[in-house]
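S.K.: make a model of this:
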Amino acid sequence: MRVEKRFTMLALASATLAFGMPVMAQDSKPATTSAKTEAASDIDADAIEALNKMGAALRALKEFSIASSTTQEIVLETGEKIQLDGFVDWKVRQPNALYVDVRSDRKNREFFYDGKDLTIYSPILKFYTSIDSVNGNLRDLVLKASNDYGIELPLTDLFLWGTDDVSDDLIKSAMVVGPGTINDDKVDHYAFRQEGVDWQVWISQTTSLPAKLVITSLDDPARPQYTARLNWDTTATFEDSAFKFVPPEGAHKISFEPDSMAAASAEGEGS
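M.R.: Sure thing, here's the model as predicted:
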């Protein structure tokens, strides 16, 4: 059995928000004051404030690109971990246009969204499939793709953080690790824990944008990690054609099924 998970704050937040608060039995006792105090002591207000500031910076962006290098750990049946390196390039125009190029050691996918239709293309296999008439902003696209079709774009937390879809109430602990430097940029390093996951973020002191993310799954004893280093260009501009898919010569359209592109991969690209 192949074990592969997408360890992102979005996946965690979606699962937690779907279940909501746990239902308490009628004879259960309320949490004690000491327990509440202990929980509160695990939350550094400065770390939460940094997240809120990051969210505001993300929401203020109108047009930008991100070039990110990624490392994902995969846990084999034997418990052995292997690492897969990759790259994710984003072109984004708010409120409703994006292009994403996802490349790894095992596969390559391109995602086009022009404000109406989402198209997924495999340059290696030359197969593409579309979800027509999404007709929403990028927040709507992210949630619809995930909830309705099981499509998880990498780093889509960037479109949800700072909105009502992600709540810092989910955070069990938050700490300020300290200052650092990434690519000559001064950053502040923070660490957080939520149900089933630990995650770290390095936030630029200059822009308040995330420069690096590390997400660690606690559900697997091997504790696999996902790491992304983010290089931002907030001055980028794009033509409409950057977000519109035009089938290249030799490309073939396949009907959309949640696992259709995965099935295509099994035929010859790797998974």
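
S.K.: quick check, residue 158 in a strand?
M.R.: No - assignment of residue 158 by DSSP: H, G, I helix; E, B strand; the rest coil gives helix, placing it outside any strand.

S.K.: list the contacts of the closest residue to residue 185 other than its chain neighbours.
M.R.: Excluding the flanking residues, the one nearest residue 185 by Cβ to Cβ, 6 or more residues apart in numbering is residue 204, at 5.5 Å. Glycine gets a C-beta too; all of them are placed from N, C-alpha and C. Residues near residue 204 by Cβ atoms under 8 Å, 6 or more residues apart in numbering: 185, 186, 187, 210, 211.

S.K.: count of neighbours near the third one?
M.R.: One way to gauge burial is a neighbour count; for residue 187, by other Cβ atoms under 10 Å, it gives 22.

S.K.: just give me the neighbour total for the closest residue to residue 43 other than its chain neighbours.
M.R.: Distance criterion Cβ to Cβ, 6+ apart; nearest residue to residue 43, sequence neighbours excluded, is residue 174 at 5.0 Å. Other residues lying near residue 174 total 21 when counted by other Cβ under 10 Å.

S.K.: try the one 5 residues further on
M.R.: The local packing count at residue 179 equals 11, with neighbours defined by other Cβ under 10 Å.

S.K.: next one: the one 5 residues further on
M.R.: The burial count assigned to residue 184 is 5, neighbours taken as other Cβ under 10 Å.

S.K.: how about residue 50?
M.R.: 19.

S.K.: CA atoms of stretch 123-131 as PDB?
M.R.: Taking C-alpha atoms only, stretch 123-131 is exported to PDB below (Å, rounded to 0.1, in the frame of the first residue of the first chain):
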ATOM      1  CA  PRO A 123       2.500  17.600 -19.700                       C
ATOM      2  CA  ILE A 124       4.200  14.200 -19.700                       C
ATOM      3  CA  LEU A 125       1.100  12.200 -20.500                       C
ATOM      4  CA  LYS A 126      -0.500  15.000 -22.500                       C
ATOM      5  CA  PHE A 127      -3.900  14.300 -20.800                       C
ATOM      6  CA  TYR A 128      -6.100  17.100 -19.500                       C
ATOM      7  CA  THR A 129      -9.400  17.300 -17.700                       C
ATOM      8  CA  SER A 130     -11.600  20.200 -16.700                       C
ATOM      9  CA  ILE A 131     -14.100  21.200 -14.000                       C
END
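
S.K.: just checking, residue 255 touches residue 130?
M.R.: No - contact between residue 255 and residue 130 fails when scored by Cβ atoms under 8 Å: they sit 9.4 Å apart.

S.K.: hang on, the residue nearest to residue 43 is in a helix, isn't it?
M.R.: No - going by three-state DSSP, the assignment for residue 174 is strand, not a helix.

S.K.: contacting residues for it?
M.R.: Contacts for residue 174 (Cβ under 8 Å, 6+ apart) come out as 42, 43, 44, 47, 48, 51, 190, 191, 192, 193.

S.K.: mind running it again at 7 Å?
M.R.: 43, 44, 47, 48, 190, 192 (Cβ atoms under 7 Å, 6 or more residues apart in numbering).

S.K.: now, of those residues, which are buried?
M.R.: The neighbour count (16 or more other Cβ atoms under 10 Å) marks 43, 44, 47, 190, 192 as buried among the contacts of residue 174.
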